[in-house]
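Chemist: here is my input, please return the structure:
(chains A, B, C and D, ligands or ions: 2)
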Amino acid sequence: MIDGFVALYIFMLAAFTGHEIIARVPVILHTPLMSGSNFVHGIVLVGAMIALGHATTPFGIGLGFVAVLLGAGNAAGGYVVTERMLEMFKPSGGKPGDKA
Amino acid sequence: MIDGFVALYIFMLAAFTGHEIIARVPVILHTPLMSGSNFVHGIVLVGAMIALGHATTPFGIGLGFVAVLLGAGNAAGGYVVTERMLEMFKPSGGKPGDKA
Amino acid sequence: MSWLPTLVQACYFLAALLFILGLKRMSSPRTARGGIVWAGVGMLVAVLATFALPDMHNRGLILAAVLVGVAAAWWSGRRVAMTAMPQMVALYNGMGGGAAAGIGAAELVAQVQRTAVAVPDTSPLRPESWALDAVHQVAQLTPVALGLGVLGALIGAVSFSGSLVAFAKLQGWMDRRFVFPGQRVVNLLVLLLAVLHGVMLVTGHLTVPVIAAFFVLSLLFGLLMTLPIGGADMPVVISLYNAFTGLAVAFEGYVLGNEAMIIAGMVVGAAGTLLTQLMAKAMNRSLGNVLFGSFGAAAGGAAQEIAGAQKPIDAADAAVMMAYAERVAIVPGYGMAVAQAQHKVWEFAKLLIERGVKVKFAIHPVAGRMPGHMNVLLAEAGVPYDLIEDMDDINPEFPNTDVVLVIGANDVVNPMAKTDPTSPIYGMPILDVAAAKHVIVVKRGKGTGFAGIENALFYADNTRMLYGDGQAAAGQLVSELKALDA
Amino acid sequence: MSWLPTLVQACYFLAALLFILGLKRMSSPRTARGGIVWAGVGMLVAVLATFALPDMHNRGLILAAVLVGVAAAWWSGRRVAMTAMPQMVALYNGMGGGAAAGIGAAELVAQVQRTAVAVPDTSPLRPESWALDAVHQVAQLTPVALGLGVLGALIGAVSFSGSLVAFAKLQGWMDRRFVFPGQRVVNLLVLLLAVLHGVMLVTGHLTVPVIAAFFVLSLLFGLLMTLPIGGADMPVVISLYNAFTGLAVAFEGYVLGNEAMIIAGMVVGAAGTLLTQLMAKAMNRSLGNVLFGSFGAAAGGAAQEIAGAQKPIDAADAAVMMAYAERVAIVPGYGMAVAQAQHKVWEFAKLLIERGVKVKFAIHPVAGRMPGHMNVLLAEAGVPYDLIEDMDDINPEFPNTDVVLVIGANDVVNPMAKTDPTSPIYGMPILDVAAAKHVIVVKRGKGTGFAGIENALFYADNTRMLYGDGQAAAGQLVSELKALDA
Ligand SMILES: NC(=O)c1ccc[n+]([C@@H]2O[C@H](COP(=O)([O-])OP(=O)(O)OC[C@H]3O[C@@H](n4cnc5c(N)ncnc54)[C@H](OP(=O)(O)O)[C@@H]3O)[C@@H](O)[C@H]2O)c1
Ligand SMILES: NC(=O)c1ccc[n+]([C@@H]2O[C@H](COP(=O)([O-])OP(=O)(O)OC[C@H]3O[C@@H](n4cnc5c(N)ncnc54)[C@H](OP(=O)(O)O)[C@@H]3O)[C@@H](O)[C@H]2O)c1
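Modeler: Ligands and ions are numbered 1, 2, ... in the order given. Okay, here's the model as predicted:
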């Protein structure tokens, strides 16, 4: 467990970092960025894996299994959707992307 | 002492925060900002105070005393100079500042 | 300290770094494409490292769950239509919230077991079914960790059920807005009850029934909160839940002592909150108005009278007008998305460009139903982004533009936003197309836009209406233009 | 855990938060003034909290040193002239670097003593003068802490001596650039020796003589590195040392386990590094060129021939020209700073504005000798910042400007930056004043600017020269203008 104040520092700095990164983003990127940050919190998969890896009761294992399923869905789905959206942002000379 | 990796996280996040804050600053503020960040590292005064507060040998006390002197100079001087520079940034209707 | 945990820690550090760098790249159009790849590498590294953690059980189960989850999401994400992206984001975001809530639940239940072992005779109410055969070797959670774990679970559960409702609405499975009198009071009560149970969990009433009630209430609140919100406001709501999930992940990361989760979650939490505000601002609304307002209901009051009539034009004339113009601006709106007309529109624009006409696309920040909607569609059709102009850049150019082709846009070109203080869109900045020499509007009939109001532009002297479905009309324009050269 | 250390910790947290918020505010012109106050409150909180730390000795001495240091710096910072700001920043920054190095030295010496106690018989080389009467109760430093402490001390010492040289140069105490053949090799050798001693300290050779040699070498390197750099490049160098001090503070903060120092130092380290690059870029140079280049030396090569002659004008005619113009732009440069003419110039501009002339100030990013130099001076004179235009904004407006008054600027309006590839300023973006209908240049004679080259603008057909000291010339313009109305 991380000492209370150190955790507080990390929370604060991470919040500033996130805020500053987005601070001046153009409207055109709002939706892809929402999707991209959706992907990033897919890191919850790691937590779910740890929870399942430490589970010992049947109930705990079941809960962990569902959590890993959901976390994996978050990460993989977030990646694919973001990648598809961003793939379409290209400068002059790009060819039509995949059909909708 | 903070555990190695936690320190690394703090170093990284603080660096990102500093970088992002400055990333899009207008040229007109370069010099005041240099001065302002000069003030911020005046926090070294706190470290110098701790060093002097823990010193026990005459040599250590002498070193600590000089460090506190210097740190206090950094903090106070940095504040005054920055404050004077920024005081002059005002929108329409301002009166002439103090004579140079 | 052996080398393996250190290596895993280093991997987590790398992942956090790559997430931040990736998001940074994603927030600039030039580098956006690379950004998701950086973040993806970070995720891969973190997941592989977790497999290598020394004290993990159930490795087979974990692998199975990961593979199934990844495969299902990958497949659905690949094959879904571009226009369905917002609901997919909602779905995946809900999954993340659910996972965070699941972690919270697992930790709470484990804590119940540990407490039972520590003081075996003081918990007679504990159901016997929670066998204590194998008790965690981990120490008890500190009060702070317990509190953050409960908070994360609450937020995660709300994000889970709320996102699923958002998904269902956008998918068209749940068409009506679900409104009843006293709704806000009920919602508030449910939230208070959920918080109350959370407080009980932290203050020594950590039993399985309380845990169960806590989760039911949290899920219920997410449901109730989202039901009354209209489909068109969903992108903002999804962005809010996205920030929620980020926070939930950060808090559960604290419980697990995992800094990568804390940092990634917190970065998303902060970035998502700001993004939500920016989105709401781009729609000229406040976040509170989106969540609790009744935008659609208020519309349709005492509308300004509009003089004149709509003057139709046929595709042949419209094509000729643009073929011999010097400058043409194309203004797409929600109708282009509905008609999936972007490919045809770009085909038409390319033909004009070949003839030497200077063509620009003018995009209003909230055209369509999600921020950047038009940009995504045009990019999909292959329109290079240097032909695409923001509202602020193109507005001064309309007076020098010969023809503006409005295709499926309505509210974003409605001059009443500037002239009629009673209009629900009064004050929203618009694309000033009326300043151009000629305006051609493609729409199916007299249908109104999102705000449900009349549009004076359609009755203006220099406006001609080209009625028809967006895709069909664009197709006609293309053929007429080709016929000109033949 | 008692409440006092927790309170102190909370104060440090608050200080770190206020520093970040303060810097954030300082980086936008609208909020800049408040920013320094926020940061100042943070500093106050942190210093007071430190006094309250439980295991501190020498409280009286600490208080005395703080008071003396604050009083001296406050007094000097208050009374110094505005134009001397850069060297004051250098001085205070050097003090910070020195303090960080001092902390490093104190920790290293204390570590020597602890080592001596831990293994009393294995260090026969240790001088007896370092009495072990009272040994720290603190545990030995970890290798990581020792390494970072040494690194911080090295960087801090370089920043200390380097900043003092920068101060001396800008103050005019050290006029010549100090250059000799093989200088770079010598500098590199000194740096390598310093690093070598640092490595020895970390790898078990922690003795007082090595510590002393390490500091002497580090200080020497800072001196040698700064001596060859010209006075005009100093602002960039000072900014670099500012970043250095930040890093040194962060590293020593790690040694002391003080997160506020780590965060504040690291934020400044990163921000300062970026700021240094931005400054160098605004001067159209690379950082490497500033540190190791020989800008002044290279200048004066095969200059382009300039046709024509300089055509003088007297103050009366110049005043009339501007009095009856519709639009006037004033371009100040280094000469205005030298002449301290900003008050007179603003007086003149106000008179023009009263007559209905549209007056703008056009500021080149590197006009003067430090970034923002002109802005600071004009702000000092009371020019509202909405009359001040950046280069990019005003360049398109020059063709519509009737008269441009160039006062003490030279390089920043030199068209040869665009036309003459052999010019040392070739490629630097300039203020396009030649595009205006008339140009009036105020300078004392035929003196060149910072780059030491001729300026084709002064020979252009639409340029007239008003010779004289900047302040005197502006004063004449004011009287002539007043005479017009009388
Ligand atoms: N971008 C966002 O983030 C966001 C989010 C939520 C809400 N909104 C709101 O959405 C609105 C967006 O404005 P907008 O101008 O893009 O769209 P709009 O005002 O909703 O108008 C769309 C128009 O397209 C026409 N249309 C519909 N289907 C069509 C088809 N198949 N072919 C041709 N035309 C068709 C409709 O008229 P017919 O029925 O006569 O064809 C309608 O008038 C704004 O009010 C905005 O505030 C935006
Ligand atoms: N801003 C920065 O951060 C920075 C830092 C370092 C270097 N630099 C460099 O400094 C230069 C700045 O350009 P600049 O146009 O501002 O200045 P400049 O090119 O240095 O020219 C200054 C001119 O002012 C005249 N002058 C000097 N004293 C005067 C007085 N008392 N009254 C009237 N005129 C006087 C001089 O001519 P007379 O002798 O004939 O009067 C000289 O030609 C650029 O080359 C830039 O790269 C800038």
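Chemist: for the residue of chain A found nearest ligand 1, which non-adjacent residue is closest in space?
Modeler: Among residues of chain A, the one nearest ligand 1 by C-beta to the nearest ligand atom turns out to be A:His30. It sits 7.7 Å away. From N, CA and C alone the C-beta is placed, and that goes for glycine too. Leaving aside its sequence neighbours, A:His30 sits nearest to C:Pro371 (C-beta to C-beta, 6 or more residues apart in numbering or on different chains; 3.5 Å).
Chemist: ok so, going back, which strands or helices does the helix or strand harbouring the residue of chain A closest to ligand 1 pack on?
Modeler: A:His30 is part of helix A:30-40, with elements assigned from DSSP states H and E. Contacts defined by 3 or more C-beta pairs under 8 Å, 6 or more residues apart in numbering or on different chains; DSSP states H and E place helix A:30-40 against helix A:58-87, helix C:3-26, helix C:32-51, helix C:85-118, helix C:234-256, helix C:259-282, helix C:373-381.
Chemist: just those helices: most buried one?
Modeler: By mean neighbour count, with neighbours taken as mean count of other C-beta atoms under 10 Å in any protein chain shown, helix C:234-256 ranks first of these at a mean of 30.
Chemist: what residue ranges in chain A score low on pLDDT?
Modeler: Where chain A drops to pLDDT under 70, the residues are A:1-2, A:89-100.
Chemist: list, one by one, the residues from the stretch 351-486 of chain C near chain A.
Modeler: Contacts of the stretch 351-486 of chain C with chain A, taken as C-beta under 8 Å from any C-beta of the partner chain, map to C:363, C:365, C:370-373, C:375-376, C:379-382, C:384-388, C:390.
Chemist: one more pass at 7 Å, please.
Modeler: C:365, C:370-372, C:375-376, C:379-382, C:384-386 (C-beta under 7 Å from any C-beta of the partner chain).
Chemist: roughly how far does the residue nearest the centre of chain A sit from C:Met82?
Modeler: Note on chain A: the residue nearest the mean C-alpha position is A:Val40, at 2.1 Å, using C-alpha atoms, centre = their mean. Distance of A:Val40 to C:Met82, given as C-beta to C-beta, to the nearest Å: 22 Å.
Chemist: and what of C:Gly408?
Modeler: Here C:Gly408 is placed at a distance of 16 Å from C:Met82 (C-beta to C-beta).
Chemist: with neighbour numbers in mind, choose between the two.
Modeler: C:Gly408 (28 against 21; other C-beta atoms under 10 Å in any protein chain shown).
Chemist: which helix or strand contains the closest residue to the more buried one other than its chain neighbours?
Modeler: The shortest distance from C:Gly408 to any non-neighbouring residue, by C-beta to C-beta, 6+ apart, is to C:Gly335 (1.9 Å). When elements are assigned from DSSP H and E, C:Gly335 belongs to helix C:334-339.
Chemist: now the helices: where do they sit in the stretch 351-486 of chain C?
Modeler: For the stretch 351-486 of chain C, applying DSSP state H, counting those that start in this stretch gives helices covering C:373-381, C:391-394, C:416-419, C:470-485.
Chemist: please see if stretch C:42-53 touches chain A.
Modeler: Yes - applying C-beta under 7 Å from any C-beta, one finds stretch C:42-53 touching chain A at C:43, C:46-47, C:50, C:53.
Chemist: so whichever residue of chain A sits closest to ligand 2, which state does it fall into?
Modeler: Among the residues of chain A, A:Arg24 lies closest to ligand 2, at 24.9 Å counting by C-beta to the nearest ligand atom. Look at A:Arg24: counting by DSSP: H, G, I helix; E, B strand; the rest coil, its state is coil.
Chemist: quick check: phi and psi on it?
Modeler: phi -120, psi 40 (degrees, to the nearest 10).
Chemist: I figured it hits B:Ala23, correct?
Modeler: No - using C-beta atoms under 7 Å, A:Arg24 is not in contact with B:Ala23; the gap is 8.5 Å.
Chemist: which of the two has more residues huddled nearby?
Modeler: More crowded of A:Arg24 and B:Ala23, by other C-beta under 10 Å: B:Ala23, with 16 against 12.
Chemist: now the more buried one, nearest residue through space, not along the chain?
Modeler: Excluding the flanking residues, the one nearest B:Ala23 by C-beta to C-beta, 6+ apart is D:Leu274, at 6.8 Å.
Chemist: any idea of the pLDDT on the one you found?
Modeler: At D:Leu274, the pLDDT value in this model is 93.
Chemist: and A:Gly36, what does it touch?
Modeler: By C-beta atoms under 7 Å, 6 or more residues apart in numbering or on different chains, the residues touching A:Gly36 are A:82, C:23, C:26, C:35-36, C:39.
Chemist: residue in chain A nearest to chain C?
Modeler: Of all residues in chain A, A:Ala72 sits closest to chain C, at 2.7 Å by C-beta to the nearest C-beta.
Chemist: I'd say that residue and C:Trp74 touch.
Modeler: No - look at A:Ala72 against C:Trp74 with C-beta under 7 Å: they stay out of range, at 9.6 Å.
Chemist: for the residue in the stretch 51-200 of chain C positioned nearest to ligand 2, give its distance to chain B.
Modeler: For the stretch 51-200 of chain C, the residue closest to ligand 2 is C:Val89, as judged by C-beta to the nearest ligand atom, at 46.2 Å. Taking C-beta to the nearest C-beta, to the nearest Å as the measure, C:Val89 falls 25 Å from chain B.
Chemist: identify the residue spatially nearest to that residue, adjacent ones excluded.
Modeler: Of all residues not flanking C:Val89 in the chain, A:Ser35 sits nearest, at 4.9 Å (C-beta to C-beta, 6+ apart).
Chemist: so what's the residue count around that neighbour?
Modeler: 30.
Chemist: now swap in the one 10 residues further on and tell me
Modeler: When neighbours are defined as other C-beta under 10 Å, A:Leu45 has 33 of them.
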